[in-house]
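> structure for the following, please:
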Amino acid sequence: MKLSEKQLLVLTIIAPSVVAVVLAGLGYFVFQKKLAKITADIQSVKTQEDAAKKKLDQMAELETKIRKLKQEKEDKKDLLPTLKEVSYEDFLNYINKISGEAPIALQGATYAGAATPGGPPSAVQSSVFKPLAYTIKAEGSFYDCLRFVYLLETSKRFIKVNRFSLRPMNLQAAEKSGETIRHSLDIKFTAYYFDDKK
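Below you'll find the predicted structure:
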């Protein structure tokens, strides 16, 4: 069977063109599918990357919070004398410095040992803040003595004044001479140290 020119034309030009169009369509479809998969993979990676960045930001925030908490802990420890019997002299120097701001004359200071704070024994035993009792005797004018008590209670270190008493010393002599009446000051106070072994 002999093919006509038209049939030959169809077979040689149009048929391959149709096949090429069909193959191109198929290729485009496959390409679109691969492109969609690649786009989905890229989106998935981007989502994971965003989640990782968010976690890193959260970790940075947590590290900042931890640093702040550690700093707060150190600041709180600074409020408490690191008072143990070995640092008794250092603490008395600290008290002496405060007395110079009043000004009063320190007559003596006594370390009374571990104080017994109020509260249930279990709370005291588990506390990392250990109380120590002190007694101070001093002399000064009425206002200077009160200023000293005030400076103790408001000092950077946490000191609790348990009680104090004031007695005039030179009342009769001061009335005769017009001098300032000096007072004897007795103070019992509790200081604390931070027991970092707890």
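
> from the chain's centroid, how far away is stretch 158-166?
From the chain centre to the centre of stretch 158-166 is a distance of 30 Å (Cα atoms, centre = their mean, to the nearest Å).

> buried residues, that stretch. List them.
159, 164 (16 or more other Cβ atoms under 10 Å). For glycine as for every other residue, the C-beta is placed from the backbone atoms N, C-alpha and C.

> ok, residues contacting that stretch?
For stretch 158-166, the surrounding residues in contact (Cβ atoms under 8 Å, 6 or more residues apart in numbering) are 79-81, 133, 142, 145-146, 149, 152-153, 183-192.

> wait, what's in contact with residue 107?
Taking Cβ under 8 Å, 6+ apart as the test, what residue 107 contacts is 137-139.

> what about it, which SS state?
Assigned with DSSP: H, G, I helix; E, B strand; the rest coil, residue 107 falls in the strand class.

> do you know how far it is from residue 155?
20 Å (Cβ to Cβ, to the nearest Å).

> one more: residue 31?
On the measure of Cβ to Cβ, residue 31 and residue 155 end up 79 Å apart.

> same question, residue 95
9 Å.

> more crowded one of those two?
residue 95 (24 against 17; other Cβ atoms under 10 Å).

> ok so that one is a strand residue?
No. Residue 95 sits outside any strand when classified using three-state DSSP, being helix.

> thought it was touching residue 109?
Yes. Between residue 95 and residue 109 a contact is recorded at 6.5 Å, counting by Cβ atoms under 8 Å.

> for the two, list the residues in contact with both.
Joint contacts of residue 95 and residue 109 (Cβ under 8 Å, 6+ apart) are residue 136.

> with only the CA atoms kept, save stretch 187-194 in PDB.
Coordinates of each C-alpha in stretch 187-194 appear next as PDB, following Å, rounded to 0.1, in the frame of the first residue of the first chain:
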ATOM      1  CA  ILE A 187      21.300  47.700 121.200                       C
ATOM      2  CA  LYS A 188      20.600  44.000 120.700                       C
ATOM      3  CA  PHE A 189      20.400  43.100 117.000                       C
ATOM      4  CA  THR A 190      20.400  40.200 114.700                       C
ATOM      5  CA  ALA A 191      22.600  40.000 111.600                       C
ATOM      6  CA  TYR A 192      22.500  37.200 109.100                       C
ATOM      7  CA  TYR A 193      24.900  35.300 106.900                       C
ATOM      8  CA  PHE A 194      24.200  33.400 103.800                       C
END
